[in-house]
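**Q** here is my input; please provide its structure:
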Amino acid sequence: MPTGLCKAFSETYVDRIMKTKVTVLLGICIISILMGCASTKSSKFSSMSVPMGMDKKDVLAKFGSPYKSGYFKDTNQIFREDWYYKESFYIHGWVDVVNIIHFENGKVVSLEPLPEQRPYLVGGDREVGTTSAEKKP
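**A** Numbers count the residues shown, from 1 in each chain. Reported below is the predicted structural model:
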């Protein structure tokens, strides 16, 4: 009878170990799937977040100071101003996106995203801004 007891004990022990392994593997799979489906960061600049007619002070309060700006008066004496905002995203490598907010007489008239720029090479033979003599090993 002791062999039957040992056999029963070992089967329940093995069953618990198998259930634990399956639970851990299932948890790892679920976490991997959730991480793979995580949303990527999107631009904070859109027609919804920067509506036409928005005041400069509201843009400044919402997005902070631009990294660059320019202004002029056109031939109709309309004061025009452009504010440049840069965002960086990691999309198969780092990407810089510049958004220009155009103002006329202190109000938003348009939002212009410039084409994406990839200033940083990832896994390439050299980084932008280095000469061929400075190649990374």
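**Q** can you list the domain ranges for the chain.
**A** The domain map for the chain lists 1-38, 56-127, with the assignment taken from automatic domain parsing.
**Q** Arg80: what secondary structure?
**A** In terms of secondary structure, Arg80 is strand; the call rests on DSSP: H, G, I helix; E, B strand; the rest coil.
**Q** which residue ranges form the strands in the chain?
**A** Counting by DSSP state E, the chain has these strands, from start to end: 68-73, 79-90, 94-104, 107-113.
**Q** quick one: closest of these to Lys19.
**A** In this view, the strands of the chain are compared for proximity to Lys19 by CB to CB, and strand 79-90 is the closest at 38.5 Å. Every C-beta, even on glycine, is put in place using the N, C-alpha and C of the backbone.
**Q** CA-only coordinates of that closest one, as CSV, when you get a sec.
**A** Backbone C-alpha positions of strand 79-90 (Å, rounded to 0.1, in the frame of the first residue of the first chain) are rendered in CSV as follows:
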residue,chain,number,x,y,z
PHE,A,79,0.5,89.9,-39.6
ARG,A,80,1.5,86.2,-40.2
GLU,A,81,3.4,84.1,-37.8
ASP,A,82,4.7,80.5,-37.9
TRP,A,83,5.5,78.4,-34.8
TYR,A,84,7.5,75.2,-35.2
TYR,A,85,7.2,72.2,-32.8
LYS,A,86,9.3,69.1,-33.1
GLU,A,87,8.3,65.7,-31.8
SER,A,88,10.4,62.5,-31.8
PHE,A,89,9.0,59.0,-32.1
TYR,A,90,10.5,55.5,-32.2
